[in-house]
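In: prediction below, plus the sequence it came from.
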Amino acid sequence: MGKTNAGRFFEDYRLGDVIAHAVPRTVSGGERAMYHALYPARHALYSSDAFAQASGLPASPMDDLIAFHVVFGKSVPDISLNAVANLGYGEGRWLKPVWPGDTLLSSSEVIGLKQNSNGKSGVVYVRTRGTNQHGETVMEYVRWVMVRKRDLDADAPATVIPDLAKSVDAGDLMIPEGLDFSGYDFTQAGEPHRWGDYEVGEKIDHVDGVTIEEAEHMLATRLWQNTAKVHFDATNREDGKRLIYGGHIISMARALSFNGLANAQMIVGLNAGAHANPCFSGDTVRAWSEVLDKADTPAPGVGAIRLRLVATKHGAPDFALKGEDGKYLPDVLLDLDYWALMPQ
Amino acid sequence: MGKTNAGRFFEDYRLGDVIAHAVPRTVSGGERAMYHALYPARHALYSSDAFAQASGLPASPMDDLIAFHVVFGKSVPDISLNAVANLGYGEGRWLKPVWPGDTLLSSSEVIGLKQNSNGKSGVVYVRTRGTNQHGETVMEYVRWVMVRKRDLDADAPATVIPDLAKSVDAGDLMIPEGLDFSGYDFTQAGEPHRWGDYEVGEKIDHVDGVTIEEAEHMLATRLWQNTAKVHFDATNREDGKRLIYGGHIISMARALSFNGLANAQMIVGLNAGAHANPCFSGDTVRAWSEVLDKADTPAPGVGAIRLRLVATKHGAPDFALKGEDGKYLPDVLLDLDYWALMPQ
Amino acid sequence: MGKTNAGRFFEDYRLGDVIAHAVPRTVSGGERAMYHALYPARHALYSSDAFAQASGLPASPMDDLIAFHVVFGKSVPDISLNAVANLGYGEGRWLKPVWPGDTLLSSSEVIGLKQNSNGKSGVVYVRTRGTNQHGETVMEYVRWVMVRKRDLDADAPATVIPDLAKSVDAGDLMIPEGLDFSGYDFTQAGEPHRWGDYEVGEKIDHVDGVTIEEAEHMLATRLWQNTAKVHFDATNREDGKRLIYGGHIISMARALSFNGLANAQMIVGLNAGAHANPCFSGDTVRAWSEVLDKADTPAPGVGAIRLRLVATKHGAPDFALKGEDGKYLPDVLLDLDYWALMPQ
């Protein structure tokens, strides 16, 4: 087995290393159609060239989360093949739209390391960047994962925990060049609620639910060339279950949030994120959102809205998130904090 | 939940209302590939640019039923989110081919209303039109659905039942500009039978069967942005089953009918249609057809054939459709009456 | 049922017949995206326009096995609809890359016939060729299948068994015009191992496994317009199982072989192949490879490597293939012998 990739273990990471991930990928209308078959995605800007052009863009870009999945998927063989847990996200920004025909690559810089007190694993912090065929960065984010050690006797590295911002500053959000919501068509977009209609603290139950199938989460995960065994091989876990890629839950919840947030058109910032509990085939995913913050932007008619997006297994009419012990409730799958652009 | 769409109830419809449906959609080769993965679609005109060009078209158009599904899917949030039953179709015509790159929108005009005698629901008749980015109507059809009332005390509207044609007159069928079957290649198309070989009254058992999977019908239904809960959420019905979108059965039956009707290339008219019984995952869908009528067209080498397409759960070697009570037999899923174009 | 295709039986084949298969198919980025969702395909040349251009090609071609599946699928209604078994492959070559937008057709020449001693069936040998819209042959291969007789009293044909090469001579492999691996980027491709690093006799366990789902193998099989009932209709076999298209296993195994053979970029020759045992939904497919031969090519930096690719149901750490009786072990699904192009 000398030629196969066994993945990196905790002791293989060095602070400052920049790991170039493999297999560039050209995306097209095919990936978009698959995405829209896999998720109930309806945000008009990613559905219609005509709507995007009326919003000042040259065409409809690839869905914001397609960019995330492609960039993330490439990092899996180098970062999370031996991960015990995907612990968190932060400082994420979408910097350039991705267009059909673009070719994406990604790389990750090791920005933090901390061996666990048990000596069997450690936390690796990486800043992952995706670039297009012109060398432009299309998105970047920090994630940290718990990774096993291969050799328990390997020396612990000096502990470095990066000082991450609690959220992306609204002034640092990148607005796609040309974006203009001053002539926004709310009828076509599907809901009348504009930026000014949302209040900080407001919560929205997105009502709909989708029951998860093995074939669907595997199609989704493969599409982004994410190769983690645990998603595909029913013999990998003792219980015979295939763990569902956390990104599948992110995309499902974001698509479900259309019902109540149809005008939260583009995701431009990822402030924080946690996969609170695992999800398996047969679970029915629902979602709710909370408005965390609002900010103006320099683009005409464009406001920024900061949202908490929560995915749950059994609905959550009371918007419960954590128990008295401060831990996520067992039904909670995802707690995501992001910035989106909305018509004012 | 003030910002989510609860859908319209019976008392929310007014005769003459024109409802503009949300979320324009650009279709591409991606949607075509998904369609051909979801259904055993083999009609050559929708499979090959070269074959379409030899038939006088600039390229292979998107499958006729893709146009139907996209236009129909947009109408679901406004027309059938609270529907008890999808009762029928009529006066349907395909007016312009849809090409890869086109952006579709749809709207529905309320053309009839009749409250049921129980006072709890009523029938809404709408004429739904799909348009492309040039404002041209690409297809239109009438459908009527039974919709619940929210407020049982709401006044009943004046009863208006539209006077619908039993079938589209052959002279009103729109032949795509340039269509010419005079050099038609029957070998490439897959069968030697031409328009003249079919007789009114002739019945064809299409032989093949496809067993339905949850993942497939959900992929199909989502692809057309049809958001009806009952198709996706296993907790929505007491029996834990997900009801399959009727359009999935239409496309499956139409694709199965290739075997015996390979030359019924383009659907151009929808005379009538009924979803006779519900279909669930695990059912095996089969199909048979009956030739109802034939007509000449002004296009070179092009004839029109009117067909009844029946989908069943367990096959129907004796072509049985209804019982002595005049009701559809329990195995019948679909009874569709349409016009197709065929080489003469 | 006079208009449906019942398929050919053994006595319907005549030596020298050339059967033109139906339904030309235009392929696009949509088919590519579906392929990459269905299989963990990661070979960089088929994933990235930029990588393909750096390798001297105008763009990323459609995956080599997409060409095979499309050409094969067309032959099913004429060759294997009444087949008892798909016995083998040989003398296969990929002659021209297939590009998005190409339209493929295929035809088969009957090159051998041998009635079985039981008089109930016989073996048909065909050479199948796929052509593009310019009339160029894009690939060709021989396969032989056991086909039932319709009329057991039909005369046996003269036995003709074609004299097939044990493998394609390395000098007969077609290298795509312009292919140049002299500036090959091993980091982007995913592994550092070049042609010179592989030794004849070396075996590689590809480690990963994928559990097969009904929805996925049906999507795959339909995408190539393969209509064999046994893959789609759960009522077709007495055990209620749907037999999985052998090509699904070929593509799955080839994609799994990325892990250890990431630089075996393009398949250009198919020397032999056997579907050793049937595969069903729920099986977990794994793969291993053996290096059989190596050869130089005239293209800059390009070597040819001959590989045995074995798919199994339960892994094979000891690389076992056949029992003492010379028969394939029950866990073996596929034994494929092919030539690939690799950077030197």
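Out: Cool, got the structure.
In: ok, and the closest non-adjacent residue to the single nearest residue of the stretch 51-200 of chain A relative to chain B?
Out: Closest residue of the stretch 51-200 of chain A to chain B, CB to the nearest CB: A:G190 (3.4 Å). Every C-beta, even on glycine, is put in place using the N, C-alpha and C of the backbone. Spatial nearest neighbour of A:G190, chain neighbours left out: B:A22 (3.4 Å); criterion: CB to CB, 6 or more residues apart in numbering or on different chains.
In: and A:V168, by the same measure?
Out: A:V168 sits nearest to A:G269 (CB to CB, 6+ apart), 4.0 Å away.
In: which strands and helices sit next to the helix or strand harbouring A:G112?
Out: Secondary structure assigned from DSSP states H and E places A:G112 in strand A:103-115. When contacts are defined as 3 or more CB pairs under 8 Å, 6 or more residues apart in numbering or on different chains; DSSP states H and E, strand A:103-115 packs onto strand A:18-20, strand A:25-26, helix A:64-79, strand A:121-131, strand A:137-148, helix C:49-54.
In: relative to the whole chain's centre, how far out is that strand?
Out: 16 Å (CA atoms, centre = their mean, to the nearest Å).
In: what residues does the stretch 201-344 of chain A have near chain C?
Out: Contact residues (CB under 8 Å from any CB of the partner chain) of the stretch 201-344 of chain A with chain C: A:213-216, A:218-220, A:222-223, A:225, A:227, A:229, A:232-236, A:242.
In: for the stretch 51-200 of chain A, same thing?
Out: So the stretch 51-200 of chain A meets chain C at A:P77, A:P100, A:G101, A:T103, A:L105, A:Q133 (CB under 8 Å from any CB).
In: which one of the residues you listed has the most neighbours?
Out: A:L105 (25 neighbours; other CB atoms under 10 Å in any protein chain shown).
In: show me the contacts for the spatially closest residue to it that is not a sequence neighbour.
Out: Nearest residue to A:L105 in three dimensions, chain neighbours excluded: A:P24, at 4.7 Å (CB to CB, 6+ apart). Residues in contact with A:P24 (CB atoms under 8 Å, 6 or more residues apart in numbering or on different chains) are A:T103, A:L104, A:L105, C:A44, C:S47, C:S48, C:A50, C:F51, C:Q188.
In: so where's chain A uncertain?
Out: A:1, A:316-317 (pLDDT under 70).
In: check it for the residue nearest chain B and tell me.
Out: For chain A, CB to the nearest CB, closest residue to chain B: A:A33, 2.8 Å.
In: check which helix or strand covers that residue.
Out: helix A:29-38.
In: buried residues in that helix?
Out: Across helix A:29-38, burial judged by 16 or more other CB atoms under 10 Å in any protein chain shown covers A:G29, A:G30, A:E31, A:R32, A:A33, A:M34, A:Y35, A:H36, A:A37, A:L38.
In: what's the burial count for the closest residue to A:T221 other than its chain neighbours?
Out: Excluding the flanking residues, the one nearest A:T221 by CB to CB, 6+ apart is A:Y245, at 4.3 Å. Residues near A:Y245, counting by other CB under 10 Å, number 27.
In: what of A:T131?
Out: Here the count is done by other CB under 10 Å, and A:T131 has 21 residues near it.
In: check contacts around it.
Out: A:L104, A:L105, A:S106, A:S107, A:T137, A:V138.
In: name the element A:T187 belongs to?
Out: helix A:186-189.
In: let me see the contact set for the closest residue to chain C within the stretch 51-200 of chain A.
Out: Nearest to chain C, among the residues of the stretch 51-200 of chain A, is A:T103, at 4.4 Å (CB to the nearest CB). Contacts for A:T103 (CB under 8 Å, 6+ apart) come out as A:P24, A:R25, A:T26, A:V27, A:N132, A:Q133, C:S48, C:D49, C:A50, C:F51.
In: beta partners for it?
Out: As for beta bridges, A:T103 partners with A:T26 under DSSP bridges.
In: equivalent analysis for A:G112, please.
Out: A:Y125.
In: show the contacting residues for it.
Out: A:G112 touches A:L15, A:V123, A:V124, A:Y125, A:W144, A:V160, A:I161, A:P162, counting by CB under 8 Å, 6+ apart.
In: rerun that using 10 Å as the cut-off
Out: A:13, A:15, A:123-127, A:142, A:144, A:157, A:159-164 (CB atoms under 10 Å, 6 or more residues apart in numbering or on different chains).
In: so A:G246 touches A:V285, yeah?
Out: No. Using CB atoms under 10 Å, A:G246 is not in contact with A:V285, being 12.0 Å away.
In: and the stretch 201-344 of chain A, which of its residues are near chain B?
Out: Applying CB under 10 Å from any CB of the partner chain, we find that the stretch 201-344 of chain A lies next to chain B at A:202-219, A:255-263, A:281-286, A:288-289, A:314-315, A:317.
In: can you do 6 Å?
Out: By CB under 6 Å from any CB of the partner chain, the residues of the stretch 201-344 of chain A that approach chain B are A:204-205, A:207-211, A:213, A:215-216, A:259-260, A:284.
In: returning to what we had before: how big is the angle separating the helix holding A:A33 from helix B:29-38?
Out: Per axes from the mean of the first three to the mean of the last three CA atoms, to 10 degrees, the angle that helix A:29-38 makes with helix B:29-38 is 60 degrees.
In: kindly calculate the angle that helix A:29-38 makes with helix A:64-79.
Out: Going by the same axes, to 10 degrees, helix A:29-38 makes 100 degrees with helix A:64-79.
In: what's next to helix A:29-38, contact-wise?
Out: With CB atoms under 6 Å, 6 or more residues apart in numbering or on different chains as the test, helix A:29-38 has contacts from A:63, A:66, A:100, A:216, A:220, A:223, B:28-31, B:34, B:219, B:222-223, C:29-30, C:32-33, C:37.
In: and A:E136, what does it touch?
Out: Per CB under 6 Å, 6+ apart, neighbours of A:E136: A:K96.
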